[in-house]
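Trainee: next comes the sequence, and after it the predicted model I'd like to discuss.
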Amino acid sequence: MESVRVDSWLWAVRVYKTRSAATSACRAGHVKLGGDRVKAAQAVRVGDEVRVRIAGFDRTFIVQRLIAKRVGAPEAATAYLETTPPPPPREERPLAPVRDRGAGRPTKRERRELERLRGRGDGADEREPLE
C-alpha cells in the first residue's frame with residue numbers, strides 16, 4: 001500500500017471519532033497536507049505532514065505508517081509522530097469573589113466593586129459630573 005485517503009487515515013489513527021467527521025473537517029478546510037488545504041480523497045504517504053484543526057487548536061502529525069482500517073489506540077499511536085507544540089501556560093487569575101448563599105442580588109455599589117476587582121469596570125464612577 002503506497003497511499004491512503006486522508007480522511008480514512010485520520011479516522012484510522014483516531015484523530016476523529018467517525019470517518020464522516022474527518023470528511024467534514026476536510027470539506028471545511030480544517031485539514032492541511034504540506035501546508036495546503038486538501039479534499040477528503042487526497043492521498044497521504046509516509047513522511048507527509050498533516051495539520052488538523054480540532055476545537056480551535058492545531059495539531060500536527062507526521063505520517064509514520066499507513067493504516068486504512070481503524071485499529072486499537074496503542075497500534076494507532078505508532079502510525080504517526082505528533083509534533084504539536086505544547087499549549088502556552090494558562091494565565092493565573094485571582095479567584096473571583098463568591099457571595100454567600102442567600103445573600104440576594106448585589107446592590108449597584110457592590111456590583112461596581114465586583115466589576116472593578118475583575119478589571120471590567122465600565123468607568124461609571126470615574127466620569128466627571130455634568131455642569
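Mentor: Good, I have the coordinates.

Trainee: which parts of the chain are helices?
Mentor: Remark: helices assigned in the chain by DSSP state H are 6-12, 19-28, 73-77, 108-118.

Trainee: report all helices and strands that the first one contacts.
Mentor: Going back to what we said before, that points to helix 6-12. Judged by 3 or more Cβ pairs under 8 Å, 6 or more residues apart in numbering; DSSP states H and E, helix 6-12 is in contact with helix 19-28, strand 31-33, strand 43-44, strand 49-54. In this view, the C-beta of every residue, glycine as well, is placed from N, C-alpha and C.

Trainee: nearest to E82, of those?
Mentor: For the helices and strands packed on helix 6-12, proximity to E82 was assessed by Cβ to Cβ; strand 49-54 is nearest, at 10.2 Å.

Trainee: what are the pairing partners of that closest one, and which direction each?
Mentor: Sheet pairing here is set by DSSP bridges, and for strand 49-54 it gives strand 31-33 (antiparallel), strand 57-63 (antiparallel).

Trainee: buried residues of the least confident helix or strand in the chain by mean pLDDT, list them for me.
Mentor: When each helix and strand of the chain is scored by mean pLDDT, DSSP states H and E, helix 108-118 comes last, with a mean of 86. Neighbour counts over helix 108-118 (16 or more other Cβ atoms under 10 Å) mark E115 as buried.

Trainee: if we can go back for a sec, of all the helices and strands packed on helix 6-12, which lies closest to E2?
Mentor: E2 lies closest to strand 43-44 among these, at 8.0 Å (Cβ to Cβ).

Trainee: same for the closest one, what does it pack against?
Mentor: Against strand 43-44 (3+ Cβ pairs under 8 Å, 6+ apart) you get strand 4-5, helix 6-12.

Trainee: which of the ones you listed sits most buried?
Mentor: Of all these, helix 6-12 has the most neighbours on average by mean count of other Cβ atoms under 10 Å, namely a mean of 24.

Trainee: who touches it?
Mentor: For helix 6-12, the surrounding residues in contact (Cβ atoms under 8 Å, 6 or more residues apart in numbering) are 4, 16, 18-19, 21-23, 25-26, 31, 33, 38, 40-44, 50, 52, 63, 66-71, 76, 79.
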